[in-house]
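**Student:** Take this sequence and fold it.
(chains A and B)
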Amino acid sequence: MSASSQEQTVSSPELSPAPASGIPGASLPAYNYETLVSPTSAIGPVQICRDVWRFRELLGAFILRDVKVRYKQTALGVIWVVLQPLLAGGLFAKVFSDLGSLSDQTSGEKFLFFLAGFVPWTTFSSAVQLSSASMEINSNLVRKVYFPRILLPGAYVLGSVIDYCIALIVLLIAAAAVGHFSPLVLVLAPALLLVQLLTAGGVGLVLASLNAQYHDVKYAIPFVLFVGLTVTVFLPLDNWGPSMTQILSFNPMTLVIEIYRSVLTGESPAIGLVALSLRGSFASVVIFLGGVWFFRQRESMLADIL
Amino acid sequence: MTDPTQTDGVSTLSSSATPQSPWAIRADGIGKRFRLGGVRSFHHSLRQDLTNAFKRAMGDASLGYDDETFWALRDVSFEVARGETIGLIGPNGAGKSTLLKLLSRITLPTEGTIRYRGRLASLLEVGTGFHPELTGRENVYLNGAILGMKRTEIDRKFDEIVAFAEVEKFLETPAKFYSSGMYVRLAFAVAAHLDQEILLIDEVLAVGDAAFQKKCLGKMHDITRQGRTVFFVSHNMAAVQALCEHAILLEDGKITAEGETDGVVRIYLDKQIARTRVALAERTDRKGNGKIRIDALSVEVVGNEGRETIRVGDRLRVKLDYKSQGADSPGASNLRFVVGIFDHQNQAVFRLDSEMTGEVESTSPASGEAICETEPLNIAPGPCYLDVAVYGSGQLADHVSPALEINVQPADFYPTGRMFRRAEALYLLGQRWSVQERE
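**Tutor:** Just a heads-up that it's a prediction; the model follows:
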């Protein structure tokens, strides 16, 4: 079936506010705008923004739901967000203690080095995993109710901000404890968070729409994330040859992690922070826009295939 | 079955609706095409898709999609006037759900356009989006948001919703600890307080106990009197007749009747009787050695042969017309007749088998009619599918599956007139209750 040609047009003006009335049913319904549903349509950027704006309250409700549910089902709750990078950071500081450039550093600095990698990576990785599975988890909703489907993966990605902030505080405390606290982190964090969200969003959107159709994707995601973890957290840029460094410098998560590390430990990668920042943020924007475009192409057929 | 003459005598929508009232929903020639094999055929692996794409690129045209598709809806056009309550009826698989999904924008049409004026909310299933881990209060807000309510709107109506659902005491309890009754009551209550101008409702009335169903029906009446446009889909003809001025009958993806509800419902039920007898001689999808053929299968109600519908508690009389293929054979020996009855999920429910009672004699006429009478039908209301088979001397001679669909209607099986739904219990057990004081 030619589902890719099935898109929708909503050629209506903005949603008008519901008639305010304290007495239910007393107000006459407003029929003041028209909606057109047809096989062909515009899925352009304006329409996306309009859709998301119109359903902004639902986006909020989804974020709230996901965050609440995530912690309601756990005994330790938010502590998980703190515990995970702390334990992983400590463990890997021990395991990789002889790794190349790290061998001359104190164990505290090694710990900080890995913690600075795990804090962004764990939130990135959980955002990607949750948003990839979002269509499947919410298949009942997708089959029964209309809303812009982009809200589901979007809510998981935006929900990761809360985890991120908590983990960031842990990172700052740990940095202060080791004697490497830098207020610059606080200035850079919002920008790095944005890069991370754009990347997680783009990747999550592509995987979410593919996962709805192909069950293979589910099995590939953990492996891809493992490779990403290895490349960005365990093997920083300086471990690679010059040509690989050029390629990896386009990885937005490398940008995020390298910046945290250089600000906290004072050691910059050889390629230079400016070049890295430009390439990484450029790549994150491309990934995000590509993900949105890819998702919109498939959005309309999701209810048919789930 | 789509005989156009049957719509005679039923005025069409456009002429019976108030002429000056403008339309709220308008569908123009909409059609929806699915890939054959249903939803599942989409779930093949990525490798398979890549291989097919590669083969197509290499010029293997046999993998084209056109021959693998079917139209769930085709050329459907109608108008619903503003403020009207319209019923959508039709047998299972007629395309009702597909039409609702198109109207609510869950899926998009393959052709044609739908226009509607005002905000539209669809209640295709109560409790969609309820999360078991969240409390009743949290679920009201979440469900409201999913159905398109604004937070301020929910704030304003919160007390009303909770009072309607009768769950005041359990607002801070996670929904997973709710009884199924509380769950659906709360879900219906949220849905019933929607503000949208157009509501699409699918079978929501079938929730809760009898008292709450009555309350729901009353609420539905209120909704239809608020000048809103309601599109109502149900298998419950009584509810459709009570709520809707007009109805649309959908069969095989096409509108076969529309107009005054009573007339359309009558046409629908008339066709249902036709379906309790089915000729099978033309069917080619049969198994067996063909020495004996079943030409027709019919089901009627014992003691009420003229009745149009089959209800819970009816004794059924199942008749099979059979014919031996050896034309001059004087008689057939050792015939065994089997009728399997399956529920909507294709689970075997009952089996009628002449060998179980041993009443069929070892020599039967070469052609004839096998008749089986059953005890009262103790299955919850809903569709059932019959398949039929005949064995001659232990060999499968003929097997047609499915042969016939019957729709079992609710009836006074229990003295109160209340009835289980299939989701609660598939079989019905006669029962007597008493409560005694502890010694």
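**Student:** Run through the stretch 101-250 of chain B and note the low-pLDDT ranges.
**Tutor:** Where the stretch 101-250 of chain B drops to pLDDT under 70, the residues are B:124, B:127, B:203-208.
**Student:** 50 instead?
**Tutor:** Judged against pLDDT under 50, the stretch 101-250 of chain B has no low-scoring part.
**Student:** Can you show me the strands along chain A?
**Tutor:** Remark: strands assigned in chain A by DSSP state E are A:34-37.
**Student:** swap in the stretch 101-250 of chain B?
**Tutor:** Shown for the stretch 101-250 of chain B, the strands assigned by DSSP state E, counting those that start in this stretch span residues B:111-117, B:120-123, B:198-202, B:229-233, B:246-251.
**Student:** okay if I get those strands as CSV plus mean neighbour count and distance to chain A?
**Tutor:** For glycine as for every other residue, the C-beta is placed from the backbone atoms N, C-alpha and C. Formatted as CSV, these follow (neighbours: other C-beta atoms under 10 Å in any protein chain shown; distance: least, C-beta to the nearest C-beta, whole Å):
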stretch, mean neighbour count, distance to chain A
strand B:111-117, 20, 4
strand B:120-123, 23, 7
strand B:198-202, 24, 8
strand B:229-233, 24, 8
strand B:246-251, 24, 18
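**Student:** Residue B:115 contacts residue A:33, doesn't it?
**Tutor:** No - counting by C-beta atoms under 8 Å, residue B:115 sits too far from residue A:33 to count as a contact (10.9 Å).
**Student:** element containing residue B:32?
**Tutor:** According to DSSP states H and E, residue B:32 maps onto strand B:23-35.
**Student:** what stretches of chain A score poorly on pLDDT?
**Tutor:** Applying pLDDT under 50 to chain A picks out residues A:1-29.
**Student:** and residue B:398, that one's in a strand?
**Tutor:** Yes - read with DSSP: H, G, I helix; E, B strand; the rest coil, residue B:398 is one of the residues of a strand.
**Student:** Is it in contact with residue B:286, as I believe?
**Tutor:** Yes - if you go by C-beta under 8 Å, residue B:398 and residue B:286 touch, sitting 5.9 Å apart.
**Student:** out of those two, which sits in the more crowded spot?
**Tutor:** Neighbours per residue (other C-beta atoms under 10 Å in any protein chain shown) separate residue B:398 from residue B:286, with residue B:398 holding more: 25 against 17.
**Student:** With distance to residue B:374 added, can I get the strands of the stretch 101-250 of chain B in JSON lines?
**Tutor:** Shown next, in JSON lines, are the strands of the stretch 101-250 of chain B (distance: least, C-beta to C-beta, whole Å):
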{"stretch": "strand B:111-117", "distance to residue B:374": "45"}
{"stretch": "strand B:120-123", "distance to residue B:374": "38"}
{"stretch": "strand B:198-202", "distance to residue B:374": "32"}
{"stretch": "strand B:229-233", "distance to residue B:374": "32"}
{"stretch": "strand B:246-251", "distance to residue B:374": "29"}
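**Student:** of all these, which lies closest to residue A:273?
**Tutor:** Across these, residue A:273 has its closest neighbour in strand B:120-123 (51.5 Å, C-beta to C-beta).
**Student:** which strands and helices sit next to the closest one?
**Tutor:** helix B:96-103, strand B:198-202 (3 or more C-beta pairs under 8 Å, 6 or more residues apart in numbering or on different chains; DSSP states H and E).
**Student:** Excluding chain neighbours, what is closest to the residue most central in space within chain A?
**Tutor:** The residue lying closest to the centre of chain A (C-alpha atoms, centre = their mean) is residue A:200, at 3.0 Å. Counting by C-beta to C-beta, 6 or more residues apart in numbering or on different chains, residue A:200 lies nearest to residue A:127, which is 4.1 Å off, once chain neighbours are set aside.
**Student:** Could you tell me which residues make contact with that neighbour?
**Tutor:** A:156-157, A:159-160, A:197, A:200, A:204 (C-beta atoms under 8 Å, 6 or more residues apart in numbering or on different chains).
**Student:** Looks like residue B:171 contacts residue B:137 (just checking).
**Tutor:** Yes - the pair residue B:171 / residue B:137 is scored as a contact, 4.7 Å apart, by C-beta under 8 Å.
**Student:** could you dump stretch A:66-86 to CSV, C-alpha only?
**Tutor:** Extracted as CSV, the C-alpha positions of stretch A:66-86 are listed here (Å, rounded to 0.1, in the frame of the first residue of the first chain):
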residue,chain,number,x,y,z
ASP,A,66,6.5,9.3,31.8
VAL,A,67,8.4,10.9,34.6
LYS,A,68,5.9,9.9,37.3
VAL,A,69,5.6,6.3,36.0
ARG,A,70,9.3,5.9,35.8
TYR,A,71,9.8,6.6,39.5
LYS,A,72,6.6,5.1,40.7
GLN,A,73,7.7,1.6,39.7
THR,A,74,11.0,1.8,41.4
ALA,A,75,12.0,1.3,45.1
LEU,A,76,15.0,3.7,44.9
GLY,A,77,13.3,6.3,42.6
VAL,A,78,15.5,9.2,41.7
ILE,A,79,18.4,7.6,43.5
TRP,A,80,18.9,5.5,40.4
VAL,A,81,19.8,8.5,38.3
VAL,A,82,22.5,9.3,40.8
LEU,A,83,23.7,5.8,41.5
GLN,A,84,24.1,4.6,37.9
PRO,A,85,26.8,7.1,36.7
LEU,A,86,28.5,7.1,40.1
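**Student:** now the end-to-end length of stretch A:95-109.
**Tutor:** Terminal residues of stretch A:95-109 are spaced 14 Å apart (C-alpha to C-alpha, to the nearest Å).
**Student:** which residue ranges form the helices in the stretch 151-300 of chain A?
**Tutor:** For the stretch 151-300 of chain A, helices defined by DSSP state H, counting those that start in this stretch occupy the ranges A:151-178, A:184-213, A:216-229, A:242-248, A:252-265, A:273-299.
**Student:** Deepest-packed of those helices, please.
**Tutor:** Comparing the helices of the stretch 151-300 of chain A by mean neighbour count (mean count of other C-beta atoms under 10 Å in any protein chain shown), helix A:252-265 ranks first with a mean of 24.
**Student:** quick one: that one to helix A:273-299, angle?
**Tutor:** Orientation check (axes from the mean of the first three to the mean of the last three C-alpha atoms, to 10 degrees): helix A:252-265 against helix A:273-299 gives 150 degrees.
**Student:** Tell me the helices and strands packed up against helix A:252-265.
**Tutor:** Helix A:252-265 packs on helix A:107-137, helix A:151-178, helix A:184-213, helix A:273-299, going by 3+ C-beta pairs under 8 Å, 6+ apart.
**Student:** Would you quantify the distance from the residue sitting nearest the centre point of chain B to residue B:252?
**Tutor:** With distances taken as C-alpha atoms, centre = their mean, chain B has residue B:92 as the residue nearest its mean C-alpha position (4.4 Å). Distance, residue B:92 to residue B:252, using C-beta to C-beta, to the nearest Å: 11 Å.
**Student:** can you check residue A:131 too?
**Tutor:** 40 Å.
**Student:** Those two - which one has more neighbours?
**Tutor:** Taking other C-beta under 10 Å, residue A:131 and residue B:252 do not tie; residue A:131 has more neighbours (28 against 16).
**Student:** for the more buried one, what are its contacts?
**Tutor:** A:152-154, A:156-157, A:200-201, A:204-205, A:207-208.
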